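K.L.:
structural data only, the sequence is not supplied:
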C-alpha cells in the first residue's frame, strides 16, 4: 500500500535524499510492471496486441489505458526500457510535481490522439510515453529558464535528442503516431505545468549588497 507524504522543505538534506529516492524508485516500479507483463505474455505463448489501441473502434478504445503496458517482444520492450527509465528519473528529480501530472496526461491524451487519428492497426508499446517525457523535460526546462532546469534539458537533448525524428513516418511497423501525439502532449505539459514545482531559491550574500564607493555612479 502506498501513502502520500508531505513534501519536505527545499534545501533540506533530508528532502534532497527523499527526492532522489522517489525519483529512482517510482520508475523502477513501472519498469517492473512492464517486465512482469511481458513475462506473463511469454509464459502463455501469445502476444497481447489486442490490448493495444485500435483507432476509431469502440473496443479498441480500451487500449488507451492498456497499450503502453504491452509490447510485441522482449526486443520491443528492451528498446523502450532504458530511455523510459532514464527520462522518468530525470523528470521526477527535476520536476516531481509537474511530472506526476504530466505522465497520466501523456498516457491518456496521447493514446486518445492515436485512437482518433492513427492508422487502422493495433498500436502497442511505451514509446509514446517515452517521447512524451523527452519533449516534456526539454520544454519545461526552457520554459522555467533557471539553471538546473536548463541543465537538465541539455542533458536530455544530448542523450535522446535523436528521438525528435521518431515523430515522422519511418517503418510501417513503427507507430510514429504514438510518438507524435505523446510528444505533442508532453510539450504542452511542459509549457503549461512549469510553475507546478518551486523555483530554486538563490542565496544572496551580504557582500553582494555592499557597493564600492569607487563604483558609485554619482561620484565623478
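P.N.:
Done, it's in. These numbers were taken from a predicted model, which means no experiment stands behind them.

K.L.:
now do the residue positioned nearest the centre of the chain, the pLDDT please.
P.N.:
For the chain, the residue nearest the mean C-alpha position is residue 133 (2.4 Å; CA atoms, centre = their mean). Here the pLDDT value assigned to residue 133 is 98.

K.L.:
excluding its backbone neighbours, what's nearest it?
P.N.:
Leaving aside its sequence neighbours, residue 133 sits nearest to residue 87 (CB to CB, 6 or more residues apart in numbering; 4.1 Å). C-beta coordinates here come from the backbone N, C-alpha and C atoms, glycine included.

K.L.:
show me what counts as buried in the helix or strand containing that neighbour.
P.N.:
For residue 87, the element it lies in under DSSP states H and E is helix 74-94. For helix 74-94, burial by neighbour count (16 or more other CB atoms under 10 Å) applies to 76-77, 79-81, 83-94.

K.L.:
what do you get for stretch 50-65?
P.N.:
51, 52, 53, 54, 55, 60, 61, 62, 63, 64.

K.L.:
biggest separation within the residues you listed, which pair?
P.N.:
51 and 55 (14.6 Å; CB to CB).

K.L.:
hmm, back to that, assumed the residue nearest to the centre of the chain was part of a strand.
P.N.:
No. Counting by DSSP: H, G, I helix; E, B strand; the rest coil, residue 133 is not found in a strand; it is helix.

K.L.:
separation between it and residue 153?
P.N.:
Here residue 133 is placed at a distance of 12 Å from residue 153 (CB to CB, to the nearest Å).
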